[in-house]
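# The following comprises the amino acid sequence and a computationally predicted model.
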Amino acid sequence: MKKNKFKDSALIIIDVQNDFCSGGALAVPDGEAVIPVINAVSEQFAFTAATQDWHPEGHVSFASSHPGQSPYTTVNIGKAPQMLWPDHCVAGTSGADFHPELNTDSCNMLLRKGTALQMDSYSAFFENDRVTPTGLAGCLHNLNISSVVLCGLAIDYCVFYSAMDAVGLGLSVSILKDGVRGVGVPQGSVRRAVDELKRVGVSFV
Ligand code: VGL
Ligand code: ZN
């Protein structure tokens, strides 16, 4: 194996934020375990982007915005199902900050998503309407980068949708298997996400 096997690829670090780590509002079990794995590889890439889930107060994905609804249940918004979450990653709060142990010094790009009040954005590439771009695809295209490695939180939500969109964009897509963790709600969500990603050609490295 060549020493610098990632030198033509971009690393996309998804949502390694306080609210998704232990003690956070939407803590992913063992979420902070991804940090040393990511820090160990992030300088080997041609380009590194890190995303932040970055919601306004009263965001449509918060159960608290839907009277009578509880977190971790699903409602229909128009025709689209929306999973409701505890309030998390509110713009400008410490929960929305990158985890302090994540090395972001080597990141070329920091990208905030989920900023629209009425629309969620799991993917780093498109908002949940599947058409509104975040700008990341254009950026990679400009840089002539056609291979991405994804890592971060959570494999069953934001990493999953980012990887599916990356495949749809024609990129070559890998996921750092020790660099992801899952929410695990509803039960089996991690298994289903991994199976689907493998089915569409994502490799786990
Ligand atoms: C995420 C749920 C809600 C994620 C973001 O980063 O996977 N999950 N918002
Ligand atoms: Zn969110």
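On my side now, so go ahead. Ligands and ions are numbered 1, 2, ... in the order given.
# for residue 37, what are its contacts?
Contact partners of residue 37, counting by Cβ atoms under 8 Å, 6 or more residues apart in numbering, are 151, 176, 178, 179. For every residue, glycine as well, the C-beta is placed using N, CA and C.
# same deal with residue 45?
6, 7, 9, 10, 11, 149.
# Can you lay out those as TSV showing neighbour count and distance to residue 168?
Below are those laid out as TSV (neighbours: other Cβ atoms under 10 Å; distance: Cβ to Cβ, whole Å):
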residue	neighbour count	distance to residue 168
6	19	22
7	10	25
9	22	18
10	24	16
11	27	19
149	24	17
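# Would you format these as TSV with pLDDT included?
Below are the contacts of residue 45 laid out as TSV (pLDDT from 0 to 100):
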residue	pLDDT
6	88
7	84
9	97
10	98
11	98
149	98
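# could I get these as a markdown table with distance to ligand 1 and secondary structure?
Rendered in a markdown table, the data for the contacts of residue 45 read as follows (distance: Cβ to the nearest ligand atom, whole Å; DSSP: H, G, I helix; E, B strand; the rest coil):
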| residue | distance to ligand 1 | secondary structure |
| --- | --- | --- |
| 6 | 23 | coil |
| 7 | 28 | coil |
| 9 | 21 | coil |
| 10 | 18 | strand |
| 11 | 16 | strand |
| 149 | 17 | strand |
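# and stretch 48-56, which residues are buried?
When burial is assessed from 16 or more other Cβ atoms under 10 Å, stretch 48-56 yields the following buried residues: 48, 49, 50, 51, 52, 53, 54, 55.
# One more: stretch 142-150?
Along stretch 142-150, the positions that meet the burial threshold by neighbour count (16+ other Cβ under 10 Å) are 145, 147, 148, 149, 150.
# ok, now stretch 16-28?
16, 17, 18, 19, 20, 21, 24, 25, 26, 27, 28.
# Span of that stretch from start to end?
Using Cα to Cα, to the nearest Å, the gap from the first to the last residue of stretch 16-28 comes to 10 Å.
# With stretch 112-120 instead?
One end of stretch 112-120 to the other measures 12 Å (Cα to Cα).
# Need the residues that contact it.
Applying Cβ under 8 Å, 6+ apart, the set of residues contacting stretch 112-120 from outside is 51-56, 58-61, 77, 82, 89, 91, 121, 123-124, 127-129, 132, 134.
# What subset of these is buried?
Neighbour-count burial within those applies to 51-55, 59-61, 77, 82, 89, 121, 123-124, 127-128, 134; the criterion is 16+ other Cβ under 10 Å.
# Now, those residues that are in strands?
Using DSSP state E, the members of those that fall within strands are 51, 52, 53, 77, 82.
# tell me the contacts of the closest residue to the fourth one other than its chain neighbours?
If I follow you right, that is residue 77. For residue 77, the nearest residue in space outside its immediate sequence neighbours is residue 60; the separation is 6.4 Å by Cβ to Cβ, 6 or more residues apart in numbering. Applying Cβ under 8 Å, 6+ apart, we find residue 60 in contact with 77, 82, 117, 118, 119, 120.
# Done for today, thanks.
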